[in-house]
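[1] fold the stuff below for me.
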Amino acid sequence: MALSPTDVTQLAVVDSGRAARVLSEVRAATLAGQRAPVAPRPVIEQSWDRMLRSGVDPDHDARSGLLSREEVQRRRETTALKHVLPVLREGLLAVADVAHHIMVVADDEGRVLWREGNASVLRKADSLGFELGADWRESVVGTNGVGTPAVARRPVQVFASEHFQRSQTSWTCTGAPITDPRDGRLIGVVDVSGPLETMHPATLAWVDSVAKLAEARLRELHLTSLERLRAVAAPVLARLPGRALVVDRDGWTAAVSGMPYANRIALPKSLSPGRRWLPPLGLCSVEPLAGGWLLRASDEPVPPGATRIALDLTQPRRWSVTVSGSAGSWSHELSPRHAELLYLLAVHRAGRSAAGLAEDVFGDPGRTVTVRAEMSRVRRYLGGFLEHRPYRFREGAEVEVLLPDEPRDLLPYSTAPAVVRGRISADLP
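    Modelled structure (predicted):
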């Protein structure tokens with residue numbers, strides 16, 4: 001009787017050896033372009049497809065250089081993951097050690113920053129290159145419990161030959177992404193790994209629940225820090241006329257006066273005191289406060305002079321827009337959808353209607369409500385430099401699009417018809 005992908009996962013609980021053999025046949029057939037006896041699970045099939053398209057060698061154990069101990073320590077000190085490490089240890093380590101697993105915590109670039117658990121399994125992990133400072137991005141080492149959850153943005157269990165690279169097929173790995181609860185930005189991945197015979201389907205829910213506890217801890221820390229800043233801000237704002245607000249170092253609002261409340265203000269990466277142009281405030285004076293900034297808005301218009309808008313699409317999932325002008329410069333990290341929309345507006349400098357953008361992004365000109373909602377969010381940080389009816393960059397602005405070297409790497413996970421056409425046309429001789 002034929003097995004379904006779900007049946008194989010359940011079979012692994014009672015007969016891990018047989019399940020591993022079935023998955024080995026599935027992997028071999030799929031990589032050979034033949035019909036597999038069992039279809040891979042969708043999340044695994046999608047990952048394998050990414051690997052095949054990107055040219056990862058399934059039979060070659062590719063490893064990038066380890067980070068130095070100094071660099072590992074620097075990343076440990078600067079990542080938000082350090083605040084949730086006690087939560088991860090408490091929720092995972094005791095059981096992982098007994099079950100012959102290890103806990104691995106990697107940052108948003110897939111670099112292993114912490115690795116703890118069963119001593120014998122740690123030694124086996126060394127032989128795989130699963131070491132401190134190792135790069136376990138999916139694009140480097142194939143389908144795995146660190147890199148694949150980071151790409152899929154969901155918990156993923158990878159059992160035996162569901163790993164893309166042959167050297168990892170004796171392992172079972174279960175990872176869950178940890179995101180910033182404030183904006184959904186990926187912070188890192190927590191993974192529990194061990195020999196394939198230790199596989200259990202409940203591990204997926206277990207790791208995911210602990211990752212969510214970690215995110216709840218980050219949310220609690222954020223709210224506490226805003227409360228402290230709000231106590232500092234209240235007497236300051238009470239003495240000031242006009243529009244003003246106090247934000248933390250990341251731009252999250254603690255208190256406002258004389259203006260509508262906004263959750264967050266997009267701040268430059270290296271903000272300093274003085275007069276600055278900040279979206280959506282325009283010109284304002286910036287003054288330091290303990291734990292944040294006091295922003296006093298001016299009613300002056302956007303300063304005259306050349307404005308340069310650089311849309312950087314060169315790095316996967318590291319898309320950004322940088323605005324430079326007479327009042328200084330600032331950058332904003334882009335979500336996948338906003339990167340698509342700004343790319344399309346840069347291509348169509350004359351502008352696009354809501355229906356035109358809906359057709360470009362969804363292949364359906366009727367989805368204007370979704371487009372207008374997203375463009376409204378874009379205008380919160382680019383409002384002074386975007387016009388609408390149609391949507392377009394402000395006349396006189398110099399717009400530059402920085403593209404990846406390979407056309408196929410242009411917003412690689414986007415399925416927007418206009419972006420797909422852009423990849424094809426750029427690839428033509």
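[2] hmm, Val210 and Val87 touching each other?
    Yes - the pair Val87 / Val210 is scored as a contact, 7.1 Å apart, by CB atoms under 8 Å. (Each C-beta comes from the backbone N, C-alpha and C, glycine too.)
[3] I'd like the next helix or strand past the longest helix belonging to the chain.
    Counting residues, the longest helix found in the chain (DSSP state H) is helix 202-238. Once the chain leaves helix 202-238, the next helix or strand it forms, by DSSP states H and E, is strand 244-248.
[4] relative orientation of that following strand and helix 202-238 in degrees?
    Counting by axes from the mean of the first three to the mean of the last three CA atoms, to 10 degrees, strand 244-248 lies at 140 degrees to helix 202-238.
[5] note down every partner strand of strand 244-248 and its orientation.
    When pairing is defined by DSSP bridges, strand 244-248 lines up against strand 253-257 (antiparallel), strand 292-297 (antiparallel).
[6] distance of the residue nearest to Ile44 when sequence neighbours are not counted relative to Glu287?
    Spatial nearest neighbour of Ile44, chain neighbours left out: Glu162 (4.8 Å); criterion: CB to CB, 6 or more residues apart in numbering. Noted for Glu162: a distance of 54 Å to Glu287, by CB to CB, to the nearest Å.
[7] compare those two (neighbour count), which wins?
    Per other CB atoms under 10 Å, whichever of Glu162 and Glu287 has more neighbours is Glu162, with 30 against 14.
[8] just the pLDDT at Val256, thanks.
    pLDDT, Val256: 92.
[9] burial count for it?
    The tally of other residues near Val256 (other CB under 10 Å) stands at 17.
[10] and Gly188, how many residues sit next to it?
    Using other CB under 10 Å, Gly188 has 28 other residues around it.
[11] which helix or strand contains it?
    Gly188 belongs to strand 186-195, assigned by DSSP H and E.
[12] okay, helices next: where are they in the stretch 51-200 of the chain?
    69-78, 85-88, 94-98, 119-128, 138-141, 147-152 (DSSP state H, counting those that start in this stretch).
[13] which of these sits most buried?
    Among the helices of the stretch 51-200 of the chain, helix 147-152 has the highest mean neighbour count (mean count of other CB atoms under 10 Å), at a mean of 25.
[14] show residues contacting it.
    Helix 147-152 is contacted from outside by 43, 46-47, 50, 106, 108, 110, 136-141, 155-156, 158, 175-177, 186, 189, 191, 413, using CB atoms under 8 Å, 6 or more residues apart in numbering.
[15] report the beta-bridge partners for the residue positioned nearest the centre of the chain.
    Geometric centre of the chain, nearest residue: Leu186, 3.8 Å, by CA atoms, centre = their mean. Note on Leu186: beta-bridge partners by DSSP bridges are Thr179.
[16] does it really touch Asp107, like I thought?
    No - counting by CB under 8 Å, Leu186 stays clear of Asp107, with 9.2 Å between them.
[17] which other helices and strands contact the strand holding Gly188?
    In terms of contacts (3 or more CB pairs under 8 Å, 6 or more residues apart in numbering; DSSP states H and E), strand 186-195 is packed against strand 102-107, helix 119-128, helix 147-152, strand 171-179, helix 202-238.
[18] what mean pLDDT does the third one get?
    Here helix 147-152 scores 94 as its mean pLDDT.
[19] the last one too?
    Averaged across helix 202-238, pLDDT comes to 93.
[20] by contact count, what packs against it?
    Applying 3+ CB pairs under 8 Å, 6+ apart, we find helix 202-238 packed against helix 85-88, strand 156-159, strand 171-179, strand 186-195, strand 244-248, strand 253-257, strand 282-289, strand 292-297.
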